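Trainee: For reference, the sequence and a predicted model appear below.
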Amino acid sequence: MARLSGMSVSAFHRAFQAATPISPIRFRTEIRLQEARLMPATRPGDVTAVGRRVGYDNSSRFNREYRRRLFGAPRVVTRPASARADRAPAAP
């Protein structure tokens, strides 16, 4: 991104942080994790595939960052909605 903007990496980093409250790397991470959070609703799949679709080559890193930022294991989110829904107790 720095090269595309015609800036050095350090100048880009300073300019990015002046315009946003976070670093470029954290911004990228947040975008990837938000995309991963929304993806299973439209394209269910295994956790590794979701991580790869949003740009992670390392599934362990994806799992760790997802848990840390979104407070839950990605496997919970990637289950179909019908499997996640709380089932009401049977009527007496």
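Mentor: Happy to help now that I have it. Residues are numbered from 1 along each chain as shown.
Trainee: Please name every helix or strand in contact with the lengthiest helix in the chain.
Mentor: Looking across the chain with DSSP state H, the single longest helix is helix 24-42. Helix 24-42 is packed against helix 9-19, helix 47-53, helix 59-70, helix 74-78, with contacts defined by 3 or more Cβ pairs under 8 Å, 6 or more residues apart in numbering; DSSP states H and E. C-betas here are computed from N, CA, C, even on glycine.
Trainee: got those helices as TSV, with mean neighbour count and mean pLDDT columns?
Mentor: Below are the helices and strands packed on helix 24-42 laid out as TSV (neighbours: other Cβ atoms under 10 Å; pLDDT from 0 to 100):
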stretch	mean neighbour count	mean pLDDT
helix 9-19	13	91
helix 47-53	18	85
helix 59-70	15	86
helix 74-78	18	57
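Trainee: Among those helices, single out whichever gets nearest to Met39.
Mentor: Nearest of the helices and strands packed on helix 24-42 to Met39, taken as Cβ to Cβ: helix 47-53 at 5.6 Å.
Trainee: Sweet, I'm off.
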